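Have a look; sequence and predicted model below, questions after that.
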Amino acid sequence: AEAAPPAPAGRGGAAAARAAPPDVGEQVLLQVGASGRVSLRLCPNLAGFDLQCSADGCTVLAGDMRGRSCENFCAESGYACAGAWDPLDAWCSIKESVDCDDTDHPSLVCQCERGKPGVTRPATTPTPTTTTAAPSATTPEQPSEGAPAVGEAREVLLTTFFWNTHWECSLGASGASRSCHEKVGERFVALATAAGAQVVASIELSDSMSKPSSLVRFGLTGWSQVDGSCSAGSNGDAAALAFAPGWEVLRSDGGCLRHDWDTRAFAVALVKPPFVVEDCPSLCVVVIHAPHTSVTRGKNVVLDVCAGAEEQCAIAMGDWNKPGDGVAGIWEDLIGGRAPSKPEPDVQTCCWPDTSHYGIFDHLATNVPGAVHAGNMVHPYQLVEERPMKQHMAVTASLSLPGDASVTALEK
């Protein structure tokens, strides 16, 4: 059995002892558990909460809320309310959404924000730190002499979510429950939504061995999905990308990464984001389920779809079946162009049950010049009561991309 998560820091940073979280059944457990890891601080000044619920530190459980709203709570730290939920318990489990100005609950899960994705953020945002506890309030560092003034430097935040749910769950095979597919699909969307992801990637979440499931059907209404279907005789593999409303898919394709028994699926899309990335009018986005051997197919498809954007405007995520130091070789075999910077996360993500499996496999990588990783969250295993038989940990990971210095957020 999993150990209880570390006691989160309470108000004022004091440790708050708690019992292990209850079984929340069909509800969505948002906080990082004993096997999860979190590293992201996009709301460093947020204070007065009981528990951090999201990777970026912007979604938190706030107590003592009777007569107060999430709108009030966020404003007290200088933020705006982006979402509010009635919690099921004291561990970030959400029961239902409520309005940002709702004042009728003793506690609330509040999502705060500085602005919408792509809006200019100050150059003085603190460097992300790794924590599994709710951070105390911090004061942003002052710019050093000669540094850009606050608001002068521009960056855009891209948050992704990706998860290899494994085929046994999708097909109710090898002992997995018959309801596993539907429940995991719903959980995929719930976790991605809670993370504020703009781009998501599914692997082996499928209706058949080679047909990716519709993420729109599971709840990503208005999103644009790109399927990567790999049929290999009676077997096959499936992967898919999906882009939030406001993203424009210009071209897309997908297929197999090998010619034999070890083939796996990928999908690729040339997209125009709803914000401006410096020197990248469009982005080449790839979801990969790498073979255990090597990639022998797919590069021509990526080059055809991305039409030059792969050179230094590429982002790839998924199950690489190798630790981070193996990503560059796979990148060259499939994408090419400028080599990617060090991928993240680079920790164990495979596989449930981890008494039988071990792998540092699931990463986000990019070759966009000036891009930096803005933190990640490796989620605990999900819905194990449905006997998924095998499952990777889902990952939320963010990139800070250089904004076009000639265009402000309001002009894009």
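Done, it's in.

burial count for D260?
Residue neighbour count, defined by other Cβ atoms under 10 Å, stands at 10 for D260. Using the backbone N, CA and C atoms, a C-beta is placed for each residue, glycine as well.

ranges for the helices of the stretch 201-350 of the chain?
Applying DSSP state H, counting those that start in this stretch to the stretch 201-350 of the chain gives helices spanning 299-306, 327-334.

For G196, find the nearest of these.
helix 327-334 (24.8 Å; Cβ to Cβ).

Quick one: distance of the next helix or strand after that closest one to the chain centre.
Next along the chain after helix 327-334, taking DSSP states H and E as the criterion, comes strand 350-352. Distance of strand 350-352 from the chain centroid (Cα atoms, centre = their mean, to the nearest Å) equals 18 Å.

what does strand 350-352 contact?
Applying Cβ atoms under 8 Å, 6 or more residues apart in numbering, the contact partners of strand 350-352 are 164, 166, 319, 357-362, 381, 384, 388, 390-393.

Can you turn the buried part of the residues you listed into a ChimeraX selection?
In ChimeraX syntax, the buried subset of the contacts of strand 350-352 is picked out as below (16 or more other Cβ atoms under 10 Å):
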select :164,166,319,359,360,361,362,381,388,390,391,392,393
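
just to revisit the earlier point, right, so of the helices of the stretch 201-350 of the chain, which gets closest to D104?
Among the helices of the stretch 201-350 of the chain, the nearest to D104 by Cβ to Cβ is helix 327-334 (48.4 Å).

ok and the closest one relative to helix 299-306, angle-wise?
80 degrees (axes from the mean of the first three to the mean of the last three Cα atoms, to 10 degrees).

Show me what helix 327-334 is packed against.
strand 283-289, helix 299-306, strand 362-366 (3 or more Cβ pairs under 8 Å, 6 or more residues apart in numbering; DSSP states H and E).

so can I have TSV of these showing mean pLDDT and distance to Q312?
Below are the helices and strands packed on helix 327-334 laid out as TSV (pLDDT from 0 to 100; distance: least, Cβ to Cβ, whole Å):
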stretch	mean pLDDT	distance to Q312
strand 283-289	98	9
helix 299-306	98	11
strand 362-366	98	9
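
tally of neighbours for the nearest residue to C284 once chain neighbours are set aside?
Nearest residue to C284, sequence neighbours excluded (Cβ to Cβ, 6 or more residues apart in numbering): C306, at 3.6 Å. C306: 27 surrounding residues under other Cβ under 10 Å.

Please apply the same query to M377.
The tally of other residues near M377 (other Cβ under 10 Å) stands at 27.

returning to that earlier point: the helices and strands packed on helix 327-334 into a markdown table, with extra columns for distance to R154?
Converted to a markdown table, those look like this (distance: least, Cβ to Cβ, whole Å):
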| stretch | distance to R154 |
| --- | --- |
| strand 283-289 | 17 |
| helix 299-306 | 25 |
| strand 362-366 | 18 |
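
Of these, which is nearest A195?
For these, the distance to A195 is smallest for strand 362-366, at 12.6 Å, taking Cβ to Cβ.

how many degrees apart are the helix or strand following that closest one and strand 362-366 in direction?
As assigned by DSSP H and E, the chain's next helix or strand after strand 362-366 is strand 372-378. With the same axes, to 10 degrees defining the directions, strand 372-378 sits at 170 degrees from strand 362-366.

neighbouring strands for strand 372-378, and are they parallel or not?
Here strand 372-378 is paired, per DSSP bridges, with strand 37-39 (antiparallel), strand 395-402 (antiparallel).

about what we covered before: looking at the contacts of strand 350-352, which are in strands?
Of the contacts of strand 350-352, the ones assigned to strands by DSSP state E are N164, D319, D362, Q391, H392.

Serialize those residues to CSV and add fields for distance to V98.
Putting the ones in strands among the contacts of strand 350-352 into CSV (distance: Cβ to Cβ, whole Å) gives the following:
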residue, distance to V98
N164, 33
D319, 36
D362, 33
Q391, 31
H392, 32
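
could I get the helices of the stretch 201-350 of the chain as TSV with distance to C100?
Shown next, in TSV, are those (distance: least, Cβ to Cβ, whole Å):
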stretch	distance to C100
helix 299-306	39
helix 327-334	40
